[in-house]
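Peer 1: I need the structure of the sequence given here:
(4 chains)
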Number of protein chains: 2
Amino acid sequence: MFDKQTRYKRSIVKHLYFARELSCADLSALTQKSVPLTSRVLNELIAEGVVIEKGYALSTGGRRPQVFSLKPDLMYVVSVAMDQLITRITLLDMHNNYVGEIERVELPLGNNPEALQQLTHHIADFISRTAIPIENIVGIGIGMPGFVDVIKGVNHSFLKTDQGSIVSYVESALGIPVLIDNDSSLVALAEQKLGAASDKQNVMVLSIGWGIGLGMILNGTLFRGHNGFAGEFSHIPLFTNNKLCSCGKSGCLETETSLLVVVEKAIRGMQEGKLSMLQGLSLDNVEEASNAIMEAALKGDRFAVELFHETAYNIGRGVAILIHLLNPELIVLSGRGSLAGRLWLAPIQQALNEHCIPKIAENTEIEISSFGYLAEIIGAAALVMEHYDTIKPISGKAKSSLIVS
Amino acid sequence: MFDKQTRYKRSIVKHLYFARELSCADLSALTQKSVPLTSRVLNELIAEGVVIEKGYALSTGGRRPQVFSLKPDLMYVVSVAMDQLITRITLLDMHNNYVGEIERVELPLGNNPEALQQLTHHIADFISRTAIPIENIVGIGIGMPGFVDVIKGVNHSFLKTDQGSIVSYVESALGIPVLIDNDSSLVALAEQKLGAASDKQNVMVLSIGWGIGLGMILNGTLFRGHNGFAGEFSHIPLFTNNKLCSCGKSGCLETETSLLVVVEKAIRGMQEGKLSMLQGLSLDNVEEASNAIMEAALKGDRFAVELFHETAYNIGRGVAILIHLLNPELIVLSGRGSLAGRLWLAPIQQALNEHCIPKIAENTEIEISSFGYLAEIIGAAALVMEHYDTIKPISGKAKSSLIVS
DNA sequence: ATACTTTATTAATTATTTTAAAAAGTATTT
DNA sequence: AAATACTTTTTAAAATAATTAATAAAGTAT
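Peer 2: Numbers count the residues shown, from 1 in each chain, chains lettered A, B, ... in the order given. As a prediction, the model looks like this:
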């Protein structure tokens, strides 16, 4: 792709992005290269205006190190987070701050042959409104539900296209490098690079949403499996409940644990006349309903708390299997459901006590993410920067002139 | 540990060990180094007598490549495979052939405070009888059951020692580098490096024995988890059968699937008067009993076949979980139980059909290992050679002069 | 004030790759 | 059947990349 020098240069930019500030010695240690080499490359990057000097850090017993950082407003990443109904688009600078607002557009993925075209149009529209020159956009990271083949750049569930891949379609339309991944994987990437799992080697990141997703950090890297389908946590056969799952089987974990299940149970409970501060829940607006239930539970509403207890215990049974198989050091609860915070912890812990060999489980912590609903957005940007040293530059301009600047 | 040059030299030796024969161009590609560099190092190795030229390979459209190989009788590896009762010791040369016989000694691990001492003595004794000079022994690889911490070199279940590690104990006694690992991990390593899983990136290796072990090859390397406890497949909670497991919990996979369970079921069946060519089975000699049942089943004995069917189906339920979580390209059935070969396949496949999302399962093959009971022996040797480029040489001679040469 | 750390810069040395050319083969054309 | 065009492997020479070593600078600890 690039020659060695350029690759090392980009590798330094990448490290600075994720760590925000680093000294020359830090970079030398991180990249396993010598200090003089690192120093020379840093000076080149400063001359190019990519890197800036931020002054001196405190001494650790010797001369104080010069600290380097990326110039925030020279390069940008477009981050796209999709779910089956809503797509969020935003622009992030090199310090990982939004430029402007997060844009929300309705874009139904199910049974929508024009979804890819619409998506491309929305992104193009968004970019032109930011008024950032295309040359300054490093890449576009897109997270989406479904079976995503990261290498081929296709999604086996949604956004299907006649010929070629999603990646090549968007790239040739916009003239900017594109990277796609599964939504759960991106949540995990966000936690690993910038969140609760940073500096950890083996972490399971659960994203609790309308389904329940799993992203696995194994040996310090996001694990995808042979075809990119790894982490199908929600469809492991765990129950004998005869509830039909969306996947066609029955007894999947997903049939008993997700925010959707919580909402359904809540509605059924209300109909049966359970006492609660909740009212007027409806499946027509699950987002509102699930937020209401989370709020009520956090305020102590007994019925709402019980809903979480049952769901969380079942997640815990699944987590017990994860711990036995993969011996992680940390389990992170992320995704929109993590707003319910500590309500998940106790029942999950109880399930672990019942179903885990103590020797293994005692080495595994559980944490709630602080990213919540933003995790996928952060992850999509991280996806782009994670590949900054191997990304392929798009040859030539955008074929269609969707972007008016 | 070593300087760069020595490390590259040893890395080439390592590649030659696992591949047996390679050309200079092959090695250059495998190690990502240039051909001239590789060529120079090869010539040095030839001058040292470590590598020999084996003549020319067939042309693939151009000049025929010179093929290189290790000199088989210059270096040796001691391979030790332990189970809870029997320990096997053997010596392997650089072409992975035994020198002499595999030695079998009784060495009970449970409740035996002197096990480590006895093990060391047996190895020392074995080495002195081979009459190979200690300098020519690259290392000792030891596979053992239990929770093995590979980094610290200790076993949390067996072979406990007051101070220090198993590794340091044996090393200082014998003066030879020692590497230990969990038995199931070594079976997986054997399959990856020299067996059914070679050149595969994501493989689950099940070793069916008195328990049921799992070794995971993920992204091309053996995965151990945070503390080295990954792969506890046999204790995932999968049944509601109230059968107490050795781990203290109930409902573990192991309570329904292992060769031990097969033998127990067979004995119970015989007592109930089931028709079969089997007779005189006893739990006092499970090894003999399980061999007899495997033989009978392979000969078509209906009762014996049924025993396998039930056990294999339950394994299949566990495998379905593995496939969903880790999306492997291959499942290998290895260990002593793999002698029953194809008997496992159909019931496992049936379980997968019932419990897997087709899209994922269709990308996963299942194979029977050809190593059988030898897998752990081969894996222990592979463990040593796998670390040949980073192994630490033991400083000084053996402290105790256990070895008389 | 002295000894010890850590970081930064420069020069000298070493390691590695690239380039070029030769050697040894296969495949295709005349 | 001979000539040629194209491959792949091997070796040698030249160019480049990267590290090590040495020194200086800037700090902490005693």
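Peer 1: Relative to DNA strand D, how far out is A:V384?
Peer 2: 24 Å (CB to the nearest atom of the strand, to the nearest Å). Using the backbone N, CA and C atoms, a C-beta is placed for each residue, glycine as well.
Peer 1: Against which helices or strands is the helix or strand containing that residue packed?
Peer 2: Following DSSP states H and E, one finds A:V384 within helix A:375-386. Applying 3 or more CB pairs under 8 Å, 6 or more residues apart in numbering or on different chains; DSSP states H and E, we find helix A:375-386 packed against helix A:4-19, strand A:76-82, strand A:86-93, strand A:137-144, strand A:178-182, helix A:183-194.
Peer 1: Tell me which of those sits most buried.
Peer 2: Highest mean neighbour count among those (mean count of other CB atoms under 10 Å in any protein chain shown): helix A:183-194, with a mean of 28.
Peer 1: That helix - contacts with which helices or strands?
Peer 2: Applying 3+ CB pairs under 8 Å, 6+ apart, we find helix A:183-194 packed against strand A:76-82, strand A:137-144, strand A:203-208, strand A:212-218, strand A:221-223, strand A:330-334, helix A:375-386.
Peer 1: now the second one and strand A:76-82, what's the angle there?
Peer 2: Strand A:137-144 and strand A:76-82 meet at an angle of 10 degrees, taking axes from the mean of the first three to the mean of the last three CA atoms, to 10 degrees as the criterion.
Peer 1: and strand A:137-144, which strands flank it?
Peer 2: strand A:76-82 (parallel), strand A:178-182 (parallel) (DSSP bridges).
Peer 1: interface residues of chain A facing DNA strand D?
Peer 2: A:4-5, A:8, A:32-37, A:56, A:59, A:61-64 (CB under 7 Å from any atom of the strand).
Peer 1: Which of those residues fall within helices?
Peer 2: A:4-5, A:8, A:35-37 (DSSP state H).
Peer 1: Most neighbours of all the residues of chain A next to DNA strand D, which one?
Peer 2: Most neighbours among these, by other CB atoms under 10 Å in any protein chain shown: A:Y8, with 17 neighbours.
Peer 1: so who does that residue touch?
Peer 2: By CB atoms under 8 Å, 6 or more residues apart in numbering or on different chains, the contact set of A:Y8 is A:31, A:33, A:37, A:41.
Peer 1: Pull out the buried positions in the helix or strand hosting A:V105.
Peer 2: Assigned by DSSP H and E, A:V105 falls within strand A:103-106. Residues of strand A:103-106 classed as buried: A:103, A:105 (neighbour count, 16 or more other CB atoms under 10 Å in any protein chain shown).
Peer 1: which parts of the helix or strand just after that strand are buried?
Peer 2: Next along the chain after strand A:103-106, taking DSSP H and E as the criterion, comes helix A:115-130. Neighbour counts over helix A:115-130 (16+ other CB under 10 Å) mark A:115-116, A:118-120, A:122-124, A:126-127, A:130 as buried.
Peer 1: Tell me the one of those residues nearest DNA strand D?
Peer 2: Nearest to DNA strand D among those: A:I127, at 34.9 Å, using CB to the nearest atom of the strand.
Peer 1: quick one: contacts for the closest one?
Peer 2: If a contact means CB under 8 Å, 6+ apart, then A:I127 has A:78, A:91, A:134, A:137, A:174, A:176, A:403 as its contacts.
Peer 1: Phi, psi for the third one please.
Peer 2: Per-residue torsions, A:I134: phi -60, psi -40 (degrees, to the nearest 10).
Peer 1: Same question for the fifth one.
Peer 2: Dihedral angles of A:L174 (phi, psi; degrees, to the nearest 10) stand at phi -110, psi -20.
Peer 1: Next, work out how far apart it and A:T120 are.
Peer 2: From A:L174 over to A:T120 the distance is 7 Å, taken as CB to CB, to the nearest Å.
Peer 1: Give me the nearest residue to A:N353, chain neighbours excluded.
Peer 2: Among residues not flanking A:N353 along the chain, A:A361 sits closest, at 7.7 Å (CB to CB, 6 or more residues apart in numbering or on different chains).
Peer 1: quick one, what contacts that neighbour?
Peer 2: Going by CB under 8 Å, 6+ apart, A:A361 touches A:320, A:323, A:352-353.
Peer 1: Any chance of the helices and strands packed on helix A:183-194 in TSV with mean pLDDT and distance to DNA strand C as columns?
Peer 2: Putting those into TSV (pLDDT from 0 to 100; distance: least, CB to the nearest atom of the strand, whole Å) gives the following:
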stretch	mean pLDDT	distance to DNA strand C
strand A:76-82	97	28
strand A:137-144	96	25
strand A:203-208	96	28
strand A:212-218	96	28
strand A:221-223	95	23
strand A:330-334	96	28
helix A:375-386	96	23
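Peer 1: how much distance is there from stretch A:9-22 to the middle of the chain?
Peer 2: Centroid separation for stretch A:9-22 versus its chain: 19 Å, with CA atoms, centre = their mean, to the nearest Å.
Peer 1: can you list contacts of that stretch?
Peer 2: Residues contacting stretch A:9-22 (CB under 8 Å, 6+ apart): A:2, A:26-27, A:30-31, A:38, A:41-42, A:44-45, A:50-51, A:54, A:57, A:67-70, A:94-96, A:193-194, A:382, A:385-386, A:388-389.
Peer 1: In ChimeraX, how would I select just the buried ones from those residues?
Peer 2: For the buried members of the contacts of stretch A:9-22, the matching ChimeraX selection, counting by 16+ other CB under 10 Å, is:
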select /A:26,27,30,31,38,41,42,45,50,51,67,68,69,70,94,96,193,194,382,385,386,388,389
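Peer 1: What is the worst-scoring helix or strand of chain A on mean pLDDT packed up against?
Peer 2: For chain A, the helix or strand with the lowest mean confidence is helix A:259-271, at a mean of 86 (criterion: mean pLDDT, DSSP states H and E). With contacts taken as 3+ CB pairs under 8 Å, 6+ apart, helix A:259-271 sits against helix A:286-298, helix A:302-326.
Peer 1: Which residue does chain A have closest to DNA strand C?
Peer 2: Using CB to the nearest atom of the strand, A:G62 is the residue of chain A that sits closest to DNA strand C, at 2.0 Å.
Peer 1: any idea of the pLDDT on that residue?
Peer 2: Note on A:G62: pLDDT of 80.
Peer 1: cool, A:G337 as well?
Peer 2: Listed pLDDT for A:G337 reads 88.
Peer 1: Tell me who's in contact with the residue lying closest to it once chain neighbours are set aside.
Peer 2: Distance criterion CB to CB, 6+ apart; nearest residue to A:G337, sequence neighbours excluded, is A:I208 at 2.9 Å. Counting by CB under 8 Å, 6+ apart, A:I208 touches A:258-259, A:315, A:333-338, A:344.
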